[in-house]
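>>> any chance you could fold what I've pasted below:
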Amino acid sequence: MTLKNRIDSFSELGQVLRDSLDGKNIKYSSDLDALIRNQQFMNPWFTPENVKMAIKAIADELTADNLINWTSRYPALNSEGSKMTVGIVMAGNIPLAGFHDFLSVLISGHNLKAKTSSKDPELIVYISNLLFDINPEFKNRITLTDGLIIDFDMVIATGSNNTSRYFEYYFGKYPHIIRKNRNSIAIIEGRETESELIHLGHDVFSYFGLGCRSVSKIYLPDGYDLSRLITLWAGFNNVINHNKYANNYDFSKAVFLVNRDPFTDAGFLLFKESSGISSPVAVLYYEYYESIQSVYTEIEKIREKIQCIVGRKEVPFGRAQWPQLWDYADGKDTVDFLLKKN
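Numbers count the residues shown, from 1 in each chain. As a prediction, this is how the structure comes out:
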């Protein structure tokens, strides 16, 4: 299968997903709609809104122009190097969290053996079946399992700081990428428009804050009034109607009250001043700064814990959950890693 074949296949996959989401594809729309609606019954965090958003974010990137732009950065993709079997351990914190690894392995011409997440067992299977319909050659290149993956040449595993230790033990002898917990932050300068701040709300609340690209900490200029954010983010207050989110909100609020920790209660989000960056669900950490330079000095100290930075000079407000194909998790170029074994 040539690189052009692979690009054409994924480009068509993007078109099928876009048309299906819009109800324009008679063959797939009803099945996809049912799949989206049913995910919440297996994983309550996977609401139809969040699942649809994840699929749309993927579909919008899978265009011929984007795929050509991305792959053109790697001339070696045009050569028919030796095929490797790449093992992937997929995360399940948000819908289709493992898709970019799935795409990177296959666009590189390798074979894929993936362990699906118990929290997200169906979506990547559905995507694979669409790909089989588009290009049956992929049937011999994709193996999905909910058990152990064996007989692979290299591995990409995504998990928590805790599971990463086990990954290092089991996969350390193979060429590997092992990902740990990361969080995202935002820098507010004080001159942002209402529209920009509302868009920042999407970066905070999408996927209930469970994604590594979800903003869990904001840096504010000295004297910044939190009430402005609370007012502008009122449109996101429906998150409190989600049972699991509300449970987390109630728990953290109770902990703060018992410990007499100061916090600001927006009624649907708890603001807590903290030097940390990994806030619990329903809590947003914030920290005041005197100068932008001091923020970047602090960021450099914790760079390995940060997935992305949102701000006027960084990832645009509202775009944290819409990465481009060349926005690699943890800043590690997955395709470059995969090509080193060719």
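>>> who touches Ile306 in this structure?
By C-beta atoms under 8 Å, 6 or more residues apart in numbering, the contact set of Ile306 is 182-185, 277, 299. (C-beta placed from N, C-alpha, C; glycine too.)
>>> repeat that with 7 Å
By C-beta atoms under 7 Å, 6 or more residues apart in numbering, the residues touching Ile306 are 182-185, 299.
>>> can you pull out the helices in the stretch 151-300 of the chain?
Ranges of helices in the stretch 151-300 of the chain, per DSSP state H, counting those that start in this stretch, are 161-171, 194-205, 226-232, 243-259, 292-301.
>>> buried set for the first one?
Using 16 or more other C-beta atoms under 10 Å as the test for burial, helix 161-171 gives 163-164, 167, 171.
>>> in a markdown table: the residues you listed, plus distance to Ala246.
Below are those laid out as a markdown table (distance: C-beta to C-beta, whole Å):
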| residue | distance to Ala246 |
| --- | --- |
| Thr163 | 27 |
| Ser164 | 30 |
| Phe167 | 33 |
| Phe171 | 38 |
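>>> distance to Ala76 and pLDDT for those residues - can I get that in a markdown table?
Formatted as a markdown table, the buried residues of helix 161-171 follow (distance: C-beta to C-beta, whole Å; pLDDT from 0 to 100):
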| residue | distance to Ala76 | pLDDT |
| --- | --- | --- |
| Thr163 | 32 | 87 |
| Ser164 | 29 | 84 |
| Phe167 | 27 | 89 |
| Phe171 | 24 | 91 |
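>>> quick one: neighbours of Val125, just the number.
Counted with other C-beta atoms under 10 Å, residues neighbouring Val125 total 16.
>>> now swap in Ala54 and tell me
24.
>>> and the angle from the strand or helix carrying it to helix 194-205?
When elements are assigned from DSSP states H and E, Ala54 belongs to helix 48-61. Going by axes from the mean of the first three to the mean of the last three C-alpha atoms, to 10 degrees, helix 48-61 is angled at 110 degrees with respect to helix 194-205.
>>> list the buried residues of helix 48-61.
50-55, 57-59, 61.
>>> can you put those in JSON lines and add pLDDT and distance to Val86?
Output for the buried residues of helix 48-61, formatted as JSON lines (pLDDT from 0 to 100; distance: C-beta to C-beta, whole Å):
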{"residue": "Asn50", "pLDDT": "98", "distance to Val86": "28"}
{"residue": "Val51", "pLDDT": "98", "distance to Val86": "26"}
{"residue": "Lys52", "pLDDT": "98", "distance to Val86": "29"}
{"residue": "Met53", "pLDDT": "98", "distance to Val86": "27"}
{"residue": "Ala54", "pLDDT": "98", "distance to Val86": "22"}
{"residue": "Ile55", "pLDDT": "98", "distance to Val86": "23"}
{"residue": "Ala57", "pLDDT": "98", "distance to Val86": "23"}
{"residue": "Ile58", "pLDDT": "98", "distance to Val86": "19"}
{"residue": "Ala59", "pLDDT": "98", "distance to Val86": "23"}
{"residue": "Glu61", "pLDDT": "98", "distance to Val86": "21"}
